[in-house]
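Trainee: Coordinates for the following, if possible.
(chains A, B, C and D)
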There are 2 protein chains.
Amino acid sequence: MSLRHAVLGLLSESPASGYDLMKLFNVSLANVWPATQSQVYGELGKLTSAGLAEVSAHGPRGRKEYAITDEGLAELRHWLAEVPPSGPHRDDSLLRVFFLGVLTPLEARTFLLERAQETARLHAQLRRVDEETEWDDDMLSVYGRLALEYGLRMTAAQEEWARWAAEEIDSAKAREAGNRVRNRHRKTAAGTTGDAPVSDPGEAPAPKE
Amino acid sequence: MSLRHAVLGLLSESPASGYDLMKLFNVSLANVWPATQSQVYGELGKLTSAGLAEVSAHGPRGRKEYAITDEGLAELRHWLAEVPPSGPHRDDSLLRVFFLGVLTPLEARTFLLERAQETARLHAQLRRVDEETEWDDDMLSVYGRLALEYGLRMTAAQEEWARWAAEEIDSAKAREAGNRVRNRHRKTAAGTTGDAPVSDPGEAPAPKE
DNA sequence: TCCCGACGTGTCAAGAGTGGAATGTGGGAG
DNA sequence: CTCCCACATTCCACTCTTGACACGTCGGGA
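Mentor: Numbering: from 1, shown residues only, chains lettered A, B, ... in the order given. Next comes the predicted model:
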């Protein structure tokens, strides 16, 4: 339900056409809230119907420039200040981590190290943006820099985690090898370790909204 | 497209009914890949049609227990090892950061500190899970612990960032106040500093995949 | 005995999001 | 002057996700 607010937010900075908005999405929100043409134009229509935006000017090729209305600005403010952000969402990469057990430890390790490299690449890219931008004291600079710093910290933490996790697999493998040896030695006792129905959930107990 | 793989992953550990899977989703994948009944049952149907899973047993109340097939396991492995994870996704909270400029600095600061508290809460919760769980050396424990540690690190970094950002707003506000004073003092010179059309996009230039 | 709560399956409508394609106009490079 | 590209909008068909609703059955406690 937040595409609406992304559009309102961009309109709050300056009026724009659907085409303009697409460009803005691609350069500024691409990593945070990607959107497609169909979505943006559709949303502009809905926004206009709802009275949150209006056509403020007509241009050359059927261009319609949209501007945010007072009502729209109020909605944006309300969303920002009073609507609680939704919790953590789907994470493709993390989902894989849960099932890494179906791969060999070596493959799992490779996967994690690839993740680390990928995140490092992203981190470096953000660093470049940070360095190449002149940061003013105006609103956009202050908050844009905040968002960038967020990306910087998250990618750094992710890379560290991935490297740590790769090592962790190595040591688990080592430990298990040790166990195997130990088990072989007491093989006479109760068969295999028993198929205790592996039921450990392993991850956070659904915060239940 | 990954719900399919989440289901396959769970089935790879042990056969289960749709009902069982729902429980598994709620306790183990809730924070990583939430799913609803309709989705799970629907996916089981598709999986069966596609030959990636099959009904392995019938139980009391029309219960159908599904098991992963060799083909399904191959698909799961392929996904894990060879399909590149998709990049960063939509982030509600971060989107707001971009538009924090429409609020007063005070409101923005409050928003960030609330975020910090919320993340801290989540972090503490994960810590509890970590402490209350006995970690073995089996697959599930090793990889579950990896995922948990990921959550731990991300929430910690997020909280730190939010607190840092709140302070940052304070100092920007202070700097701006300073500028205002300075401007007032050289008001005799070339009028106001001029309304240079604030156009800095502010954030990362779409990595383009 | 009866009835409730857990088990268990299924369908539907509506809203997001994806990806592509059709259509047309205006201005500037050559 | 012409042609091409950037500008600009709109529609479509599809999948994914959400949230409800509808249905039926087994087991055990009052």
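
Trainee: How about the residues of chain A by DNA strand C?
Mentor: Contact residues, chain A versus DNA strand C (C-beta under 7 Å from any atom of the strand): A:1-4, A:34-39, A:60-62. (Each C-beta comes from the backbone N, C-alpha and C, glycine too.)

Trainee: Now the buried members of these.
Mentor: Buried subset of the residues of chain A next to DNA strand C (neighbour count, 16 or more other C-beta atoms under 10 Å in any protein chain shown): A:2-4, A:34-35.

Trainee: any idea how far A:R153 is from B:R163?
Mentor: A:R153 sits 12 Å away from B:R163, going by C-beta to C-beta, to the nearest Å.

Trainee: Equivalent analysis for A:E132, please.
Mentor: 27 Å.

Trainee: Check A:T48 too.
Mentor: 40 Å.

Trainee: Nearest residue to A:G151 in space, please, no chain neighbours.
Mentor: What sits nearest to A:G151 in space, not counting adjacent residues and going by C-beta to C-beta, 6 or more residues apart in numbering or on different chains, is A:L126, at 5.0 Å.

Trainee: Give the burial count for that neighbour, as a bare number.
Mentor: 23 (other C-beta atoms under 10 Å in any protein chain shown).

Trainee: again, but for A:A166
Mentor: Other residues lying near A:A166 total 20 when counted by other C-beta under 10 Å.

Trainee: And the pLDDT for it?
Mentor: The model reports A:A166 with a pLDDT of 94.

Trainee: same check, this time on A:S2
Mentor: 89.

Trainee: go on, A:E75?
Mentor: A:E75 is given a pLDDT of 92.

Trainee: Grab the nearest non-local neighbour of it.
Mentor: Per C-beta to C-beta, 6+ apart, closest to A:E75 is A:L52, 5.6 Å.

Trainee: To what extent is that neighbour buried, counted in neighbours?
Mentor: 24.

Trainee: Look up phi and psi at it.
Mentor: With angles defined as degrees, to the nearest 10, A:L52 sits at phi -90, psi -20.

Trainee: Tell me the spacing between it and B:E107.
Mentor: 20 Å.

Trainee: same thing with A:F99?
Mentor: 43 Å.

Trainee: Counting neighbours, go ahead and name the busier of these two.
Mentor: Per other C-beta under 10 Å, whichever of A:F99 and B:E107 has more neighbours is A:F99, with 22 against 14.

Trainee: Check whether A:N31 sits in a helix, strand or coil.
Mentor: Recorded secondary structure, A:N31: coil (DSSP: H, G, I helix; E, B strand; the rest coil).

Trainee: A:P60 versus that one, what's the distance?
Mentor: 32 Å.

Trainee: swap in A:V97?
Mentor: From A:V97 to A:P60 the distance is 52 Å (C-beta to C-beta).

Trainee: ok, which stretches of chain A are helices?
Mentor: A:3-13, A:18-24, A:37-49, A:70-82, A:92-99, A:105-132, A:139-185 (DSSP state H).

Trainee: lowest-pLDDT helix or strand in chain A?
Mentor: Across the helices and strands of chain A, mean confidence by mean pLDDT, DSSP states H and E is lowest for helix A:139-185: a mean of 83.

Trainee: Measure how far it is from the centre of its chain, please.
Mentor: 17 Å (C-alpha atoms, centre = their mean, to the nearest Å).

Trainee: would you turn the helices of chain A into CSV with distance to DNA strand D?
Mentor: Formatted as CSV, those follow (distance: least, C-beta to the nearest atom of the strand, whole Å):
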stretch, distance to DNA strand D
helix A:3-13, 12
helix A:18-24, 3
helix A:37-49, 4
helix A:70-82, 17
helix A:92-99, 9
helix A:105-132, 20
helix A:139-185, 21
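
Trainee: Quick check, central residue of chain A?
Mentor: The C-alpha lying nearest the average C-alpha coordinate of chain A belongs to A:V32 (C-alpha atoms, centre = their mean; 6.6 Å).

Trainee: so how far is B:A81 from that one?
Mentor: A:V32 is 29 Å from B:A81, by C-beta to C-beta.

Trainee: now swap in A:R121 and tell me
Mentor: 20 Å.
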